[in-house]
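In: fold the stuff below for me.
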Amino acid sequence: NGLGAESVNVSFPEVKELTSAAGVPIFMREFALELDHYLRANATGMDVRVLASQVASPTLKALYESAAAKISGNGDMDESDISRYRVAKSELRPGLIQEFEKLYSENGIEALLFPTTILAAPPIDGDMRTISHNGQQVSSQVTFTHNTDHASVAGVPGLSLPRGKT
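Out: Numbering: from 1, shown residues only. The predicted structure follows:
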């Protein structure tokens, strides 16, 4: 009747590979710039440096402060960082978008559905650089962005809907 949905399992190793290569250079350059723009455009009375000073998690605070320093001119956005960003933006991101288009067309799908995170968020206390997952200590950042990083790096729309506990 055309009103239902069919579940189709897909695999996308190329998307994962390109996301891994492009993610950090794009994130470190664009995250603070876009967040700073948002804070100023919405008259919040703060910029990204002020926000960074208010982050409770020591691990996330360090990430926000590092990103804020890079846009303020006090950071270490050296020529190699800029070069990696340019390659990620001009070559890797377009390749990632093409892989998404191929994924959709080859599998006849119109959407990807997956949980926002693969683990429930832990309490914010102490060092959160690693977290226990399947009996091993793994990177918190990689674990919590595992499912959402691909669309974010590609710059394609995504929607996160709460649905109980992870």
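In: okay, and residue 98 sits in which element?
Out: According to DSSP states H and E, residue 98 maps onto helix 93-107.
In: quick check: mean pLDDT of that helix?
Out: Helix 93-107 shows a mean pLDDT of 94 in the predicted model.
In: flag the shaky bits of the chain, pLDDT-wise.
Out: 1-3, 72-77, 126, 164-166 (pLDDT under 70).
In: distance of the residue nearest to the spatial centre of it relative to residue 105?
Out: Central residue check for the chain by C-alpha atoms, centre = their mean: the C-alpha nearest the mean position is that of residue 149, 3.9 Å away. Noted for residue 149: a distance of 22 Å to residue 105, by C-beta to C-beta, to the nearest Å. Every residue, glycine included, has its C-beta placed from N, CA and C.
In: how close does the closest residue to residue 129 other than its chain neighbours sit to residue 93?
Out: In this structure, residue 129 finds its nearest non-sequential neighbour in residue 59, 5.3 Å apart by C-beta to C-beta, 6 or more residues apart in numbering. Distance of residue 59 to residue 93, given as C-beta to C-beta: 26 Å.
In: looking at the two, which one has more neighbours?
Out: Neighbour count, other C-beta atoms under 10 Å: between residue 59 and residue 93, residue 93 has more, with 20 against 15.
In: what's around the nearest residue to the more buried one once chain neighbours are set aside, how many residues?
Out: Leaving aside its chain neighbours, residue 93 sits nearest to residue 22 (5.6 Å; criterion: C-beta to C-beta, 6+ apart). For residue 22, the tally of surrounding residues (other C-beta under 10 Å) stands at 24.
In: got the buried residues for stretch 56-73?
Out: 57, 63-65, 67-71 (16 or more other C-beta atoms under 10 Å).
In: alright, calling it a day.
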